[in-house]
Structure formats: C-alpha cells, structure tokens
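Novice: For reference, the sequence and a predicted model appear below.
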Amino acid sequence: MGLLTGDALFSVALAVAVFLLLVDLMHRWQRWAARYPPGPVPVPGLGNLLQVDFEDMAYSCYKLQQRFGDVFSLQFAWTPVVVVNGVKAVREALVNHGEDTSDRPTLPSSTLLGFGPKSQGVFGAYYGPAWREQRRFSVSTLRNFGVGKKSLEQWVTEEAACLCAAFANHAGQPFCPKALLNKAVCNVISSLIYARRFDYDDPMVLRLLEFLEDSLREDFSLKIQVVNSMPLLLRIPWVAAKVLPAQRSFMALNNELLAEHNTGWAPDQPPRDLTDAFLTEMHKAQGNSESTFNDQNLRLLLFELFVAGMGTSAVTLSWALLLMILHPDVQRRVQQEIDEVIGQGRRPEMEDQARMPFTNAVIHEVQRFADIVPMGVPHMTSRDTEVQGFLIPKGTMLLTNLSSVLKDGTVWEKPLHFHPGHFLDAEGRFVKREAFMPFSAGPRICLGEPLARMVLFLFFTSLLQHFSFSVPEGQPRPSDRGVPAFVVTPSPYQLCAVLR
Ligand code: HEM
C-alpha cells in the first residue's frame, strides 16, 4: 500500500481534526448552558491549562476573580472546573449546598495505593456510605481518645516537652526549626495511630519525613496530571511503576510499622490507639461484605492521617515562630499572658486556652495570615447545584479558594497584614469570625481540626513559655511571603531560641 499524499492526506488530517474538535465540544457543551459561570475562553484539547499558573493557583485565581467575579469557570483539558471565591460564595457552596458539593474527583493513580470500592480511606473517598463510615469512625476515635491508656492531650504535652529540650540543645545559636517541628508533629500522629513515639534521631522518623515531603510534591507533579487524565497509561507496567514512588515508599514503611504494632493487639483489651480501634471494628465486621473495615482500608486511612496531619500542623507552627520573630511586640504580649495564666511552674493545658484570649487570637491570626492550604482540597458536585445564581452541573470539579476567604477584603480590616486584633473585641476578648476557614467548611471540613488546635496551642505556648525567639544577629529580616504550593510553607529562615 502506497503512502497517503496530497488530497488524501489532507482529507484524513481534516477528518481527524473535525473528530477531535467534536469530542472537545462534547466535553464542554455545558459552557453554553444558561447561567453557567463565566470564565476565560478555553482552547481545544488543552482548555485553560496554559492560562493558569499551577505553581501559584491562588494568585491566578485572584486575577481571574477580579475579571469574572466570585464564581468563574475553567476547563482543565476536558475536565470542567468551577472556582468559588470569597466568604459568601464559599459558604453557600460548602455549607448551604454541602449535600451537592461534597464529592471528590476520581484520581485513577490512587488505585496504585490500594484505593478501591471498599477501601477508599476518607480523604479521597467519594461522598457515599464508604466515606461516611470511615469519617464517623475517625471523628469518634479522635474524640473518645481520652478513654485509652494515655489521653491524646497527655501525649501532646509530653511531646511538647521533648521539643523544648531539643530546642534548648541549640544553646541560643541560629537554626532552622522546620525539621524538629516535623519530628514532634510526626510523633503526635504516631502516638495517635501506633501508640508510640520515635527519638528525633531514629532513622525511621527521618525516612518517614523524607517520603512525606516528596509525597506532597508528587500529588501535583505534571506526571500525575497526565496519567490521571489518561488512565489507560497506568496499564503499562513500566509507566505504573514510575508513578507515586514516594507515596508507595511511605506506604511500605507504614506496613512495617503496622506489622510491628499488630503483634501487640488483643481483641479483648481496651484500644491503645486508633489502629487498635480499627482492628476491633474489623473483628466485629467479619462476614459483613458491606463493611469498609478491612486491611486495605486501614493502610489507606493511616497513610492519609499521616500525610494530612503532619505537613499541615508542622508548617503552621513554623509560620507561628516566623511571625513571632518578625513581631517581637506580639511575642512579648503572648509571653506576658503565659506568665500570668500558667506561670513557669507547670506545663500548659488545653483548659488554659479559655483564659488566654490574646494567645488564642495570635494562633488564629497565624492560621489566617499563613493561609497554608490556599485552594483547599478539590471537591466535585454529585448533583446539579446553584451558587450565587450560577448553575454548576453534576460532575463538575469545584475548587474552593480558601485564600480568597482568609484574605477577603470585605471582611478583614487588614487582610494582607499580620494583625491579631482581627480576633479581639474592644475589651480584648476573643471573637470567632465566620470567614476563619483554614480547615474549610461543610461535611468535608478537616476532621483533624480538634487535634490540630490542640497541637498548635500546646506546642506554641510550651515554646513561648521557655524561650524568647529572635532573628539571628547579623542576618537580614526574613520574608513573610510563603512559597506557593498545595501546602504553603514559609520561605526558609533561621531563628535563635534563648531560654527565658
Ligand atoms: C493546621 C492543620 C490543618 C489544616 C490547616 C488542615 C486543613 C484541611 C483542609 C483545608 C481540608 C480539606 C477540606 C475540604 O475538602 O473541604 C482538610 C481535610 C482533611 N484533614 Fe486536615 N488540616 C489540618 C490538620 C489535620 C490533622 C492533624 C489531621 C489528622 C490527623 C487532618 C486530617 C484531615 C482529613 C482526614 C481530611 C479529609 C476529610 C474528608 O474528606 O472528609 N488534618 N484538612
């Protein structure tokens, strides 16, 4: 058979182009539906992929919000996306229409980590019975943990003391606190799920942290976006073998820890930790084919709790210390409150929080200003819904721009400045704010919020009870601009921790 030339080649090319254009149109017909949110014009095949800066989505969305308003649409290749901005629209979407907006998009790559119909974990689970069962289990186990051998608060307080001892080892010399904060938070999560902690120089903790850091980066790599858009690629063994290497190493390490842990489990003993509580549920569910309490789901849930809990809490503490060295006046007022309410003679307790409005306001303002998960976690609509009068069809990916809420100029007096006064009234009492949404809102709100609050309060007060923090002499004042990413970290900095 001869090669196609001239007219024949042209006809084939035209037919392919028309076919692709039709497929493309099929995927974005809904843009022409009445009341579909406005947005930049997508190009065939790629949609708006080249018009958005994935390295700094929050800034891209800020510019698009100025152009198109609080609810606008995008197209990621063939995936329709709606971005919701500002406190009113985000609350309407997540809270008022929570039943319609709480699904998660499908991520074919997660099957490599064991994701399946009866093992969806909780973070990436579809909005349905499997998610509901695991969410209820996780929330109630966290809440009830006071009944175990050691209450969670006691674990966190003891870890705070270890962290202070490690800070003291630096003897007032400059150091970067990131690694120690990571290790301390890793131990809190590990206490919760394995009832054990690691010494800060234990090789296991170093490996866990290394894989964790790479895992967070992996989720947003181009490689992952490509295989998730073309899942057939995952059927090619050498492609599949190259996807999510850090997350799989993390899972393998977790399996080792789980194997060690499970040798000490006895069904008739009270649970030592969350894993024991899960194993007890598995034992009860034997023979129930509907149950999501199975081995594979336990592995996925533990992985998710580690990943979701560690990065976020340690990064927030890193922001807190940075903001204290940049605002020594605020630091002094926190220390003054600690001295008045707790003193130097005992360890901080959660009960102290109610009598420490200034410290509480500072921690809230750290979270607002640091804005560490600026674009939230992607949702998906499970039914047609309406936000601010716009129609969002079923199956649309929904990005909730939490940054636009935490920095909403119509709500906060000084949205771009660190200002603890945002959470204080004229009498210096702590005030809650509706637009304080670092943990998101609605049915999918962060389930680790109570634990995160405990870690932030007890670590922060313990550190400021023992140390005064400052910018090392001769070093320039560090920047308070974050490094844009899915989880925004502060730019690298050093501090001096001098015993008080
Ligand atoms: C400062 C610390 C933290 C911040 C800022 C934070 C923030 C968030 C955000 C924004 C979401 C997405 C909610 C949504 O989909 O709309 C989320 C979900 C989640 N977080 Fe956190 N988080 C923190 C700490 C933790 C901790 C300590 C844990 C557990 C140990 C945890 C476990 C989870 C889980 C399991 C989900 C998924 C919930 C679901 O899909 O139902 N987080 N978090």
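Specialist: Happy to help now that I have it.
Novice: so who does Q335 touch?
Specialist: Q335 is in contact with 464-465, 468, 500, counting by Cβ atoms under 8 Å, 6 or more residues apart in numbering. To be clear about C-beta, it is placed using only N, CA and C from the backbone, and glycine gets the same treatment.
Novice: secondary structure element for it?
Specialist: Q335 is part of helix 328-341 when elements are defined by DSSP states H and E.
Novice: in that helix, what counts as buried?
Specialist: 330-331, 333-335, 337-338, 341 (16 or more other Cβ atoms under 10 Å).
Novice: which residue ranges form the strands in the stretch 401-500 of the chain?
Specialist: Using DSSP state E, counting those that start in this stretch, the strands of the stretch 401-500 of the chain run over 467-470, 482-483, 489-490, 496-499.
Novice: can you redo those strands as TSV with distance to G395 and mean neighbour count?
Specialist: Output for the strands of the stretch 401-500 of the chain, formatted as TSV (distance: least, Cβ to Cβ, whole Å; neighbours: other Cβ atoms under 10 Å):
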stretch	distance to G395	mean neighbour count
strand 467-470	49	19
strand 482-483	33	17
strand 489-490	33	20
strand 496-499	51	18
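Novice: what's the closest of those strands to F76?
Specialist: Comparing these against F76 with Cβ to Cβ, the closest turns out to be strand 482-483 (23.1 Å).
Novice: now the residue in the chain that the ligand sits nearest to: how far from L458?
Specialist: Distances between the chain and the ligand by Cβ to the nearest ligand atom are smallest at G448, namely 2.0 Å. Separation of G448 from L458 (Cβ to Cβ, to the nearest Å) stands at 15 Å.
Novice: who's more crowded, the two?
Specialist: Using other Cβ atoms under 10 Å as the criterion, G448 and L458 rank with L458 on top: 25 against 20.
Novice: is it true that that one touches Q154?
Specialist: No - L458 is beyond contact range of Q154, at 10.3 Å (criterion: Cβ atoms under 8 Å).
Novice: So for this protein, the centremost residue is which one?
Specialist: A308 (5.3 Å; Cα atoms, centre = their mean).
Novice: The residue lying closest to that residue once chain neighbours are set aside: neighbouring residues, count only.
Specialist: Nearest-residue entry for A308: F123, 5.9 Å, with adjacent residues in sequence omitted and distances by Cβ to Cβ, 6 or more residues apart in numbering. By the measure other Cβ under 10 Å, the count of residues near F123 is 22.
Novice: cool, the one 3 residues further on as well?
Specialist: Using other Cβ under 10 Å as the criterion, Y126 is surrounded by 16 other residues.
Novice: on that earlier part again, where does the residue nearest to the centre of the chain fall, secondary structure wise?
Specialist: Using DSSP H and E, A308 falls in helix 295-326.
Novice: Next, the contact list for S479, please.
Specialist: Contacts of S479 by Cβ under 8 Å, 6+ apart are S491.
Novice: Check it and give its pLDDT.
Specialist: If you check S479, the pLDDT there is 96.
Novice: now A34
Specialist: 80.
Novice: Also F198?
Specialist: pLDDT, F198: 95.
Novice: gap between the residue nearest to it when sequence neighbours are not counted and L321?
Specialist: Counting by Cβ to Cβ, 6+ apart, F198 lies nearest to V205, which is 4.1 Å off, once chain neighbours are set aside. Look at V205 and L321: by Cβ to Cβ, they are 20 Å apart.
Novice: Pull out the buried residues from the helix or strand harbouring E386.
Specialist: Assigned by DSSP H and E, E386 falls within strand 385-387. By neighbour count with 16+ other Cβ under 10 Å, strand 385-387 contains the buried residues 385, 387.
Novice: Report the contact partners of the closest residue to G98 other than its chain neighbours.
Specialist: Take G98 and drop its neighbours on the chain: the residue closest to it by Cβ to Cβ, 6+ apart is G442, 3.9 Å away. By Cβ under 8 Å, 6+ apart, the residues touching G442 are 93-95, 98, 101-102.
Novice: partner residues bridging T400?
Specialist: V84 (DSSP bridges).
Novice: Let me know whether it touches L94 as I believe.
Specialist: Yes - using Cβ under 8 Å, T400 is in contact with L94, at 6.1 Å.
Novice: and the stretch 201-350 of the chain, which residues reach the ligand?
Specialist: Remark: the part of the stretch 201-350 of the chain in contact with the ligand comprises 304-305, 308-309, 312-313, 316, using Cβ under 6 Å from any ligand atom.
Novice: In CSV, list the strands of the stretch 401-500 of the chain along with mean pLDDT and distance to the ligand.
Specialist: Below are those laid out as CSV (pLDDT from 0 to 100; distance: least, Cβ to the nearest ligand atom, whole Å):
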stretch, mean pLDDT, distance to the ligand
strand 467-470, 98, 20
strand 482-483, 92, 13
strand 489-490, 95, 13
strand 496-499, 98, 22
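Novice: Go through the ones you listed and name the closest to S190.
Specialist: strand 489-490 (21.5 Å).
Novice: Not counting the closest one itself, show me its contacts.
Specialist: 178, 315, 318-319, 322, 370, 372, 478, 480, 482-483.
Novice: Would you check which pair of the contacts of Q335 lies furthest apart?
Specialist: The widest separation within these (Cβ to Cβ) is 10.7 Å, between Q465 and S468.
Novice: Between the two, which contacts overlap?
Specialist: With Cβ under 8 Å, 6+ apart, Q465 and S468 have common neighbours 335, 500.
Novice: where in the protein is pLDDT low?
Specialist: 1-4, 27-29, 146-150, 219-222 (pLDDT under 70).
Novice: and with 80 instead?
Specialist: 1-6, 12, 16-17, 19-33, 45, 77, 145-150, 216-226, 229-230, 264 (pLDDT under 80).
Novice: For the nearest residue to R368 once chain neighbours are set aside, give me its contacts.
Specialist: Among residues not flanking R368 along the chain, L406 sits closest, at 4.9 Å (Cβ to Cβ, 6+ apart). Shown in contact with L406 (Cβ under 8 Å, 6+ apart): 368-369, 371, 412, 435-438.
Novice: again, only using 7 Å
Specialist: L406 sits next to 368, 371, 435, 437-438 when contact means Cβ atoms under 7 Å, 6 or more residues apart in numbering.
Novice: Intersect the residues you listed with the contacts of the ligand.
Specialist: Among the contacts of L406, the ones lying near the ligand by Cβ under 6 Å from any ligand atom are P438.
Novice: now, which of the contacts of L406 lie within helices?
Specialist: R368 (DSSP state H).
Novice: Which pair of the contacts of L406 spans the longest distance?
Specialist: That would be D371 and A435, which, of these, are the farthest apart (Cβ to Cβ) at 11.8 Å.
Novice: what does stretch 408-427 rub up against?
Specialist: Contacts for stretch 408-427 (Cβ under 7 Å, 6+ apart): 86-87, 323, 327, 330, 357-358, 361-362, 364-365, 368-369, 407, 430-431, 433, 435.
Novice: From those, keep the buried residues only.
Specialist: Counted by 16+ other Cβ under 10 Å, these give 86-87, 323, 327, 330, 357-358, 361-362, 364-365, 368-369, 407, 430, 435 as buried.
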